[in-house]
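Engineer: 3D model of this:
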Amino acid sequence: MAFEPISMVYILIAAMLLPFGAIIYRGRVELIGGYDPNKVMDKEGLGRWVGSNLIFGGIYTLIFAILSNVVQILLIGIWMLGFTIIIARLTIGEKKYYAKK
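Structural biologist: Got it, this is the predicted structure:
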């Protein structure tokens, strides 16, 4: 069974998100873009939040890799909508780990 080209793209995206999310989840919060240790109140909570959302995004992307290969339909529009929601959720949620101005 050969994978469709779009499935391979999804797999590559997931292959980046899953380990990166796991590394951040385990405490490497300095890998988060815009991370400022002087503004973060809960470093561990921030790492768990961002890491788990990246892991969720990777799993979500793997599901689309399987679906696009099995169903043979280009699901990129639906994937992009869902992934945008995940990133928006991540961005909004991580603000609770920063000190108030």
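
Engineer: how close does the closest residue to residue 78 other than its chain neighbours get to residue 39?
Structural biologist: The shortest distance from residue 78 to any non-neighbouring residue, by Cβ to Cβ, 6 or more residues apart in numbering, is to residue 64 (7.8 Å). Bear in mind the C-beta positions are built from the backbone N, C-alpha and C, glycine included. Applying Cβ to Cβ, to the nearest Å, the value for residue 64 to residue 39 is 34 Å.

Engineer: and residue 53, by the same measure?
Structural biologist: For residue 53, the distance to residue 39 - Cβ to Cβ - is 19 Å.

Engineer: compare the two (neighbour count), which wins?
Structural biologist: residue 53 (21 against 12; other Cβ atoms under 10 Å).

Engineer: and the helix or strand that the more buried one is a member of, average pLDDT?
Structural biologist: Using DSSP states H and E, residue 53 sits in helix 43-70. Taken as a whole, helix 43-70 has an average pLDDT of 89.

Engineer: which strands and helices sit next to that helix?
Structural biologist: helix 5-25, helix 76-93 (3 or more Cβ pairs under 8 Å, 6 or more residues apart in numbering; DSSP states H and E).

Engineer: could you give the angle of the longest one to helix 76-93?
Structural biologist: Orientation note: helix 5-25 sits at an angle of 10 degrees relative to helix 76-93 (axes from the mean of the first three to the mean of the last three Cα atoms, to 10 degrees).

Engineer: what comes up buried for helix 5-25?
Structural biologist: Buried residues in helix 5-25, counted by 16 or more other Cβ atoms under 10 Å: 6-7, 9-11, 13-14, 17-18, 20-21, 24-25.
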